[in-house]
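Asks: I'd like to go over a predicted model; first the sequence, then the structure.
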Amino acid sequence: MVISVANIESFLKFFCALMVASSADVVHKHSVFMRITSVCASAAVFFALNGVFEATATAIPTGVMSRQVAKESWWNRTSDKILSANSHAMRSDLPASTTVSTAQGIDRIWLRIDAGLGQLRPRSRGLQQALLFSSFEELSDTMRSQFAIDAPSHAFAFFSPLGQGVAVCTEDTPIPFAVRGLSAAIGAEYVRLCCGADLAPVIQSGVLDFLARKDVNGGGGGIGEAGLTVLRSSITASKAPAILELVLMSNDEWQAAIKNDSSGAIQEQAASIVRFLIRANGPTTPARFQQFLRMVAQGVLNLDAFRAVYGLQDERGWAEFDKQWRAFAVKETSTSSETLRERMALIGEGLRVLDREGVIPADFVELSSALKDRNFVSPSEWRPGFSRVSAADASVFTPTDASDAAAGKSPRKSKPPHFEFAAPEKDQANRPPTVVAVAVVGERVKLVWLKTRVEPEAPWVWDIVEGN
């Protein structure tokens with residue numbers, strides 16, 4: 001299957017269906033390859049898929065900006081193609097119907113996030129822009145020429161005094177990464193609009209991971225086995241900082257902590273803390289977490305909001321709260337769907353690397369050996385909604401996680417659950433192999449391949465689909 005700009009219109013129409021589809025159809029209809037940039041007026045702040053980080057807008061020499069404006073025509077081409085949706089003003093050179101369907105999809109995500117976080121009151125008013133691109137090169141050129149911003153990645157949210165909005169690029173990103181990145185980036189935009197820079201970075205990071213993992217019906221939000229393993233190792237080794245220590249971190253301190261943590265444990269801890277805060281029993285509940293966010297949005301300091309909502313009056317209270325979280329984190333169980341998804345992501349990213357090297361493994365055993373030999377890790381950097389998975393762990397090459405096996409959830413068949421290559425199709429000579437999860441409870445799950453551009457040199461990208 002090859003997707004080009006010419007037929008992106010019909011492809012993006014899946015987006016609206018994605019927002020209202022039943023969960024059984026969600027993964028298949030995730031074939032809406034979007035990468036997102038959020039922009040709102042304030043200091044220049046970037047929310048990348050590998051976390052939340054601040055940066056000062058790069059001072060671009062006037063001569064350089066002038067040359068870029070002269071070369072770049074996307075802004076001029078779209079000056080009369082603006083559609084006002086409920087949450088954003090859409091600016092696009094894509095077909096009108098594609099712009100409409102994408103606007104509706106972004107509106108649905110916005111409303112879902114608004115409801116989930118307690119309908120916070122935005123500090124700034126007015127429609128956000130939504131800039132729709134078919135090329136990252138044009139996205140990057142436009143960000144520099146119109147907003148004086150150097151785009152740090154294909155998928156990020158940024159805030160600039162020169163503009164506000166959301167930019168979506170339809171190019172060369174695996175569909176599951178793109179879809180989860182879309183929710184995370186809109187979430188970053190929403191939080192920034194409502195809380196400014198006041199929400200503790202550790203809480204914001206955890207919120208974005210949680211939002212990325214939620215499905216279109218509000219379910220999900222669980223964690224796979226890889227993330228839990230990393231976090232438990234950190235707790236067992238007494239390397240996990242106390243919650244109070246994390247909450248007190250400035251953004252610079254938070255970014256430094258991320259940079260010094262190659263395992264991704266501190267971001268897994270942030271995600272775990274938010275899951276702890278929104279669990280439906282004990283001293284923490286979704287309603288209390290929404291109350292906490294509401295107070296921060298109203299300008300209350302994080303520590304004062306924790307004191308008011310959770311009764312954390314002193315260091316002893318914080319120590320007990322931290323103890324409760326650690327007990328929660330150690331006992332939390334992984335979900336089979338998240339474990340399967342993160343393992344298939346490792347396989348997909350590994351096959352992409354091998355494809356770039358010109359290596360086509362003959363079978364799944366050869367694939368697993370090749371990834372182990374390369375000490376392969378996916379994703380290469382932590383991103384909301386996807387824990388980092390290492391090929392050094394032999395268990396990642398089976399579809400079922402340890403909790404399923406311990407609970408007896410694996411089906412009793414002649415062969416245990418396993419991955420295998422599907423029989424190649426006639427037109428699949430130059431395509432990476434389709435991978436099937438065999439004997440897994442529920443729908444048949446496959447990793448399939450497509451292209452987002454028509455050019456022969458365009459890379460293959462993977463998607464995860466359910467059904468035959």
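Replies: Everything's here; your move. Numbers count the residues shown, from 1 in each chain.
Asks: Tell me which helix or strand the residue lying closest to residue 391 once chain neighbours are set aside sits in.
Replies: In space, and not counting its chain neighbours, residue 391 is closest to residue 371: 3.9 Å by Cβ to Cβ, 6 or more residues apart in numbering. For every residue, glycine as well, the C-beta is placed using N, CA and C. Using DSSP states H and E, residue 371 sits within helix 364-373.
Asks: Show the residue spans covered by the helices in the stretch 151-300 of the chain.
Replies: Applying DSSP state H, counting those that start in this stretch to the stretch 151-300 of the chain gives helices spanning 175-195, 201-213, 225-236, 243-247, 251-259, 265-277, 286-297.
Asks: Tabulate those helices (JSON lines), appending distance to residue 336 and mean neighbour count.
Replies: Formatted as JSON lines, the helices of the stretch 151-300 of the chain follow (distance: least, Cβ to Cβ, whole Å; neighbours: other Cβ atoms under 10 Å):
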{"stretch": "helix 175-195", "distance to residue 336": "16", "mean neighbour count": "26"}
{"stretch": "helix 201-213", "distance to residue 336": "14", "mean neighbour count": "26"}
{"stretch": "helix 225-236", "distance to residue 336": "9", "mean neighbour count": "21"}
{"stretch": "helix 243-247", "distance to residue 336": "29", "mean neighbour count": "19"}
{"stretch": "helix 251-259", "distance to residue 336": "29", "mean neighbour count": "16"}
{"stretch": "helix 265-277", "distance to residue 336": "17", "mean neighbour count": "25"}
{"stretch": "helix 286-297", "distance to residue 336": "23", "mean neighbour count": "18"}
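Asks: can you tell me which of those the model trusts least?
Replies: With a mean of 87, helix 175-195 has the lowest mean pLDDT of the helices of the stretch 151-300 of the chain.
Asks: now that helix: how far from the chain's centre is it?
Replies: Chain-centre distance of helix 175-195: 7 Å, with Cα atoms, centre = their mean, to the nearest Å.
Asks: Okay, angle between that helix and helix 201-213 too, please.
Replies: Inter-element angle recorded for helix 175-195 and helix 201-213: 140 degrees (by axes from the mean of the first three to the mean of the last three Cα atoms, to 10 degrees).
Asks: can I see the domain layout of this structure?
Replies: Taking automatic domain parsing as the domain assignment, the record places the domains of the chain at 5-197, 225-331, 336-466.
Asks: quick one on the thing from earlier: any idea which of the helices of the stretch 151-300 of the chain gets closest to residue 444?
Replies: Between residue 444 and the helices of the stretch 151-300 of the chain, the shortest separation by Cβ to Cβ is 17.0 Å, and it involves helix 175-195.
Asks: Just the CA trace of that closest one, in CSV.
Replies: Output of helix 175-195 as CSV, limited to C-alpha atoms (Å, rounded to 0.1, in the frame of the first residue of the first chain):
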residue,chain,number,x,y,z
ILE,A,175,1.1,5.3,12.5
PRO,A,176,0.9,4.4,16.2
PHE,A,177,3.7,6.8,17.1
ALA,A,178,1.9,9.5,15.1
VAL,A,179,-1.6,8.9,16.7
ARG,A,180,-0.3,8.8,20.2
GLY,A,181,1.9,11.8,19.5
LEU,A,182,-1.2,13.7,18.4
SER,A,183,-3.0,13.2,21.7
ALA,A,184,0.1,14.0,23.7
ALA,A,185,0.9,17.2,21.8
ILE,A,186,-2.7,18.5,22.0
GLY,A,187,-2.6,17.7,25.6
ALA,A,188,0.6,19.7,26.0
GLU,A,189,-1.1,22.6,24.3
TYR,A,190,-4.2,22.3,26.5
VAL,A,191,-2.2,22.2,29.7
ARG,A,192,-0.1,25.2,28.6
LEU,A,193,-3.2,27.2,27.8
CYS,A,194,-4.8,26.5,31.1
CYS,A,195,-1.8,26.3,33.5
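Asks: ranking the domains of the chain by burial, who's on top?
Replies: For those, average neighbour numbers computed from mean count of other Cβ atoms under 10 Å are highest in domain 5-197, which has a mean of 20.
Asks: circling back to that earlier point, Throw the helices of the stretch 151-300 of the chain into a markdown table and include distance to residue 417, thanks.
Replies: Formatted as a markdown table, the helices of the stretch 151-300 of the chain follow (distance: least, Cβ to Cβ, whole Å):
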| stretch | distance to residue 417 |
| --- | --- |
| helix 175-195 | 20 |
| helix 201-213 | 22 |
| helix 225-236 | 14 |
| helix 243-247 | 37 |
| helix 251-259 | 34 |
| helix 265-277 | 25 |
| helix 286-297 | 33 |
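Asks: can you tell me which of the ones you listed comes nearest to residue 466?
Replies: helix 175-195 (12.3 Å).
Asks: and that closest one with helix 286-297, angle?
Replies: Using the same axes, to 10 degrees: helix 175-195 against helix 286-297 is 60 degrees.
Asks: if I look at residue 177, how far off is residue 183?
Replies: Going from residue 177 to residue 183 by Cβ to Cβ, to the nearest Å gives 12 Å.
Asks: Give me the common contacts of these two.
Replies: With contacts defined as Cβ atoms under 8 Å, 6 or more residues apart in numbering, no residue is shared by residue 177 and residue 183.
Asks: Residue 168 is in contact with residue 136, correct?
Replies: No. Using Cβ atoms under 8 Å, residue 136 is not in contact with residue 168; the gap is 10.9 Å.
Asks: of the helices of the stretch 151-300 of the chain, which approaches residue 344 most closely?
Replies: Taking the helices of the stretch 151-300 of the chain one by one with Cβ to Cβ, helix 175-195 is closest: 8.4 Å.
Asks: all strands for this structure, in order.
Replies: All strands of the chain, identified by DSSP state E, fall at 35-39, 45-48, 53-54, 82-84, 88-92, 128-133, 156-159, 165-169, 377-378, 389-390, 418-421, 435-438, 445-450, 461-466.
Asks: distance between the ends of stretch 230-245?
Replies: End-to-end distance for stretch 230-245, by Cα to Cα, to the nearest Å: 20 Å.
Asks: Spatially central residue for this protein, please.
Replies: residue 181 (3.3 Å; Cα atoms, centre = their mean).
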